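K.L.:
Need coordinates for the below:
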Amino acid sequence: MPAESEIDSYCLLPSDQSIPKKPFFFLRHGQTDWNRADGLRLQGHQDTELNDTGKLQADRAGDVLRTVHFLAVYSSPLKRALETARIVLDAGHGTLPLHTDDGLREQYFGPWEGRYVHEIAHELGFNRSAVSDISVLAGYVPESAESEYALT
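P.N.:
Residues are numbered from 1 along each chain as shown. As a prediction, the model looks like this:
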């Protein structure tokens, strides 16, 4: 077992303090043409933009979150996430800065990016009628892509 001093050296706060209890919000980007219900395509690191529905979704999220006092806002640098965050901030959060972090990008799907989930699932031997969302691909990782475990 490591010594207490070794454990403390990995802590962000001195041992006599606790982590402040502050609300933490995660907001998914609005809809893009690639993630519509009629043909889900894997986006990954592809820099797709919000469609009109996605912009409306971001507007609605901004309305819901208007009264929340944010201390900071972070986003993936991808267009769909940045635009969603900017729309929400424009709904009443003044000049709060928007920070980007590459670590917040979506999982990298390698050669599967831009492809339809049902096509990939069919290649893996799944019946197309059984494919309703991306979860059918869980556990499968194409060469050069990030695994779900690499994201932690």
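
K.L.:
Run through this protein and note the low-pLDDT ranges.
P.N.:
Where the chain drops to pLDDT under 70, the residues are 1-20, 37-38, 128-134, 148-152.

K.L.:
now the strands: where do they sit in it?
P.N.:
Using DSSP state E, the strands of the chain run over residues 73-75, 98-100.

K.L.:
which strands and helices sit next to the first one?
P.N.:
Meaning strand 73-75. Using 3 or more CB pairs under 8 Å, 6 or more residues apart in numbering; DSSP states H and E, the elements in contact with strand 73-75 are helix 79-90, strand 98-100. Where C-beta positions appear, they are placed from N, C-alpha and C, glycine not excepted.

K.L.:
what separates stretch 54-63 from the chain centre, distance-wise?
P.N.:
On the basis of CA atoms, centre = their mean, to the nearest Å, the separation between the geometric centre of stretch 54-63 and that of its chain is 16 Å.

K.L.:
ok, back up a step: mind putting the helices and strands packed on strand 73-75 into JSON lines with mean neighbour count?
P.N.:
Shown next, in JSON lines, are these (neighbours: other CB atoms under 10 Å):
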{"stretch": "helix 79-90", "mean neighbour count": "20"}
{"stretch": "strand 98-100", "mean neighbour count": "14"}
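
K.L.:
want to throw the strands of the chain into a markdown table with distance to residue 62?
P.N.:
Converted to a markdown table, the strands of the chain look like this (distance: least, CB to CB, whole Å):
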| stretch | distance to residue 62 |
| --- | --- |
| strand 73-75 | 12 |
| strand 98-100 | 13 |
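
K.L.:
For residue 115, find the nearest of those strands.
P.N.:
Residue 115 lies closest to strand 73-75 among the strands of the chain, at 25.3 Å (CB to CB).

K.L.:
ok, and for the longest helix that the chain contains, which residues are buried?
P.N.:
In the chain, assigned by DSSP state H, the helix with the most residues is helix 52-65. Across helix 52-65, burial judged by 16 or more other CB atoms under 10 Å covers 54, 55, 57, 58, 59, 61, 62, 65.
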